[in-house]
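Novice: Pasting a predicted model and its sequence here:
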Amino acid sequence: MLDIKRNIDELIAIYSIESELLDIYVEGPTDKFIIENYLEYKNISKSIIEINDVDLFLFQEKYADLDFHSNKDKLIAFSRILNENSIQSNIKCVVDRDFDGILFELENNQFLVYTDFSCIESYLMCKNHIDKILKFGIKNFPHESKYVLTEISSVLCELFIIRMINKHFKFNFSLPQKESHIIIDKKTGKCTFNFDNYLELFININKIRNRKKEILEFIEIITPRIPNDIRFQMNGHDFIEILFSYINKIKNTVNFRRDNFERTFYLSIQPNHLEEYNLFKILSE
């Protein structure tokens, strides 16, 4: 991240003059790493810039519908600015889909590109990626990657609903600690998560029992709207956390730490497996 933020007026002036620029703006370092890795594989040269390097302070009042504490919303604001200034450069602002298309309408302008699924990590929710992690990062793991994905999916989709509740009601609460609520059979690899108990805990620790009826009604309404594909039903941070917890509880490897696992998780990305997806096709243009 830059020490001095980029000025919007300067950026608009540059993009108005230099229409051949192909900059890509992203939410944070993870997105930057994944996209840079992919473009390097494709032998494409583009600048990847984190949105926190852009000074958007003066636009908070204009775009009062956006949360400027959110990097995603900052990117949406920046894409609107580019659009309103009729910029001709092929600039792209990449954002996680999150709950858009379920809770909210998708923002639509030529500069904004959504992930195909709920988050950038969703592209890694596949057999090929987990195979590589288990083969090179975790030797002799007793369960196949397909089985691992099935088991952690049951947890991820239910945590996604809790996060959706948090967003819809604008609670902005932290989620309760998850690991102790996930029961993993070390022998069979079976993963159990009691959604009702976890929801009850979420309600109790945040002192919102008076909203429980509304929350349950919301769950009943929103659940049928969620696409069946698990990649639309997951949060990236939850994915890494639950996968780490699952592997760690079964393997219990000495010196197996979250930071080491996260490094392995991202270094195991195989960029050729990203080529089929719309986001990466657009970024290759």
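Specialist: Happy to help now that I have it.
Novice: how far away is the residue nearest to Ile184 when sequence neighbours are not counted from Ile242?
Specialist: Closest residue in space to Ile184, ignoring its immediate chain neighbours: Lys249 at 4.6 Å, by Cβ to Cβ, 6 or more residues apart in numbering. Heads up, the C-betas are built off the backbone N, CA and C, glycines and all. Separation of Lys249 from Ile242 (Cβ to Cβ, to the nearest Å) stands at 11 Å.
Novice: Next: Asp196.
Specialist: From Asp196 to Ile242 the distance is 18 Å (Cβ to Cβ).
Novice: Leu156 too?
Specialist: When distance is defined by Cβ to Cβ, Leu156 is 6 Å away from Ile242.
Novice: Leaving out sequence neighbours, find the closest residue to His181.
Specialist: Setting aside the residues directly before and after it, His181 is nearest to Tyr198 in space (Cβ to Cβ, 6+ apart), at 5.2 Å.
Novice: Over to Arg211?
Specialist: With Cβ to Cβ, 6+ apart as the measure, Phe169 is the residue that lies nearest to Arg211, at 6.8 Å, once sequence neighbours are left out.
Novice: For that neighbour, the count of nearby residues, please.
Specialist: Phe169 has 14 neighbouring residues, counting by other Cβ atoms under 10 Å.
Novice: Equivalent analysis for Asn206, please.
Specialist: Residues within reach of Asn206, counting by other Cβ under 10 Å, total 16.
Novice: who's in contact with it?
Specialist: By Cβ atoms under 8 Å, 6 or more residues apart in numbering, Asn206 lies in contact with 171, 173.
Novice: Please confirm that Val94 is located within a strand.
Specialist: Yes - secondary structure of Val94 (DSSP: H, G, I helix; E, B strand; the rest coil): part of a strand.
Novice: isn't it right up against Lys32?
Specialist: No - proximity of Val94 to Lys32 does not meet the contact threshold set by Cβ atoms under 8 Å, at 9.5 Å.
Novice: Now the common contact residues for these two.
Specialist: Shared contacts of Val94 and Lys32, defined by Cβ under 8 Å, 6+ apart, are found at Val26.
Novice: more neighbours, the two?
Specialist: When Val94 and Lys32 are compared on other Cβ under 10 Å, the one with more neighbours turns out to be Val94, at 25 against 19.
Novice: residues in contact with that one?
Specialist: With Cβ under 8 Å, 6+ apart as the criterion, the residues that contact Val94 are 24-27, 31, 35, 75, 113-115, 120, 279, 283.
Novice: Many thanks, have a good one.
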